[in-house]
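[1] Quick one, what's the 3D model for this:
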Amino acid sequence: MLTGINHLTLAVGDLGRSVDFYVDLLGCVPRARWARGAYLSAGDLWLCLAVGPVRPAGDYTHVAFSVAEGTFDVCVARLMQAGVRIWQSDSSEGDSLYFLDPDGHRLELHDGSLASRLAAVDAAPYEGWTRAFDGRMAIRLRAAERSDVPAIECCARAAYAPYVERIGREPAPMVADFAAAVDAGEVRVAVVDTAANRPSEGLAERTVTATVAGYVVTRVQEDALLLENVAVAPGFEGRGVGGRLIRSAEEEARRAGLGKVTLYTNVLMHENLARYPQLGYTRTGERRENGFDRVYFEKTVTRDRESDPGSAV
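    Purely as a prediction, here's the structure:
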């Protein structure tokens, strides 16, 4: 799973000219140099200049750099004074300068962030604008907070209510103490940003609300992570929320250096009995607990090497 950009490599024809451009003009920090390349940095960005055939993109593909707060105009003036070539005019949210480097690579200086862009386009949407795409949504996972408890409880009751008649009583998640679980740090929620129009003095004002789309409860045991409870809120079924929550539990087990994830489901929840093997879980047994007949599953996960003392050499 991607966590960000590791480094950016640009092909250059004249190493000295490019080093001068990126260091002296753009303010990158030189880190190392060799016959056919150089390593520079800009904030957290690792930039590599590599001598070789140069074929700049002729389409909209480009690299956008951030600038220190309050310095955009100064940076632009410096670049314009140096005679950089402009490849596009600015027409989007936030201030931008679109310019070429000495080899013709398309660059941009941008004063803004993803958050500011999303807010701006929520207020004045592009044609076809949506926070969901290809049937998927922009799902954020975070630790649950006390303020999330009512939404978690509603999610659990709605998700498990269809099983009441089949089982003959409310399933355990419908009566679980989620407040205690949240206080213990055992609950994560999947949050989806939803936008809506709100009348404001005769105008349609765009507002964005963070909606709890699902949750997962996990608990560390001796040699495994117990995935005790997972549910998806009504309206978000079949959109990848449940799978994302289950994968997050598996990742939690890896980070904790645990070798497996265990879970259980009611013997009468036939849908789950079919689904968990499809996700790589193996059925390990059945037992009666707290008045419920439960089927247990487990899945082996690869330990994080940094969490495994045996990996040190």
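[2] For G112, see how far away G94 is.
    Note on G94: its distance to G112, by Cβ to Cβ, to the nearest Å, is 3 Å. (Each C-beta comes from the backbone N, C-alpha and C, glycine too.)
[3] Could I get the CA-only coordinates of stretch 171-182 as PDB?
    As requested, the backbone C-alpha atoms of stretch 171-182 are provided in PDB (Å, rounded to 0.1, in the frame of the first residue of the first chain):
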ATOM      1  CA  PRO A 171     -26.700 -10.300  18.300                       C
ATOM      2  CA  ALA A 172     -24.000  -9.300  20.700                       C
ATOM      3  CA  PRO A 173     -22.900  -6.100  18.700                       C
ATOM      4  CA  MET A 174     -26.400  -4.600  19.100                       C
ATOM      5  CA  VAL A 175     -26.000  -4.500  22.900                       C
ATOM      6  CA  ALA A 176     -22.200  -4.000  23.100                       C
ATOM      7  CA  ASP A 177     -20.600  -1.300  25.300                       C
ATOM      8  CA  PHE A 178     -19.000   0.800  22.600                       C
ATOM      9  CA  ALA A 179     -18.200   3.700  24.900                       C
ATOM     10  CA  ALA A 180     -16.000   1.400  27.000                       C
ATOM     11  CA  ALA A 181     -14.400   0.000  23.800                       C
ATOM     12  CA  VAL A 182     -13.700   3.500  22.500                       C
END
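[4] Show me where this protein dips below the pLDDT cut-off.
    Of all residues in the chain, those with pLDDT under 70 make up the ranges 1, 130-137, 194-209, 303-313.
[5] for it, longest helix please?
    Ranked by residue count, the top helix of the chain under DSSP state H comes out as helix 241-255.
[6] For it, buried residues please.
    For helix 241-255, the buried set under the neighbour-count rule, 16 or more other Cβ atoms under 10 Å, comprises 241-242, 244-246, 248-254.
[7] Repeat that for stretch 82-89.
    When burial is assessed from 16+ other Cβ under 10 Å, stretch 82-89 yields the following buried residues: 84, 87.
[8] What separates the first and last residues of it, distance-wise?
    Using Cα to Cα, to the nearest Å, the end-to-end distance of stretch 82-89 comes to 18 Å.
[9] Would you agree Y264 is in contact with N290?
    No - because the distance of 11.1 Å does not satisfy Cβ atoms under 8 Å, Y264 is recorded as not touching N290.
[10] Which one's more surrounded, those two?
    In this view Y264 and N290 are compared by other Cβ atoms under 10 Å, and Y264 has more residues nearby, 24 against 6.
[11] That one: which element?
    Assessed by DSSP states H and E, Y264 sits inside strand 260-266.
[12] Just give the nearest non-adjacent residue to V63, would you?
    With sequence-adjacent residues excluded and distances taken as Cβ to Cβ, 6 or more residues apart in numbering, V63 is closest to L107, at 5.4 Å.
[13] Domains of the protein: list them as residue ranges, please.
    When the chain is parsed with automatic domain parsing, its domains come out as 8-112, 132-311.
[14] So for A120, which of those domains sits nearest?
    Judged by Cβ to Cβ, the one of the domains of the chain that comes nearest to A120 is domain 8-112, at 3.9 Å.
[15] ends of the closest one, how far apart?
    Using Cα to Cα, the end-to-end distance of domain 8-112 comes out at 20 Å.
[16] dump the residue contacts of the residue lying closest to A181 once chain neighbours are set aside.
    In space, and not counting its chain neighbours, A181 is closest to V187: 5.0 Å by Cβ to Cβ, 6+ apart. Listed by Cβ atoms under 8 Å, 6 or more residues apart in numbering, the contact partners of V187 are 143-144, 148, 152, 178, 181, 215-217.
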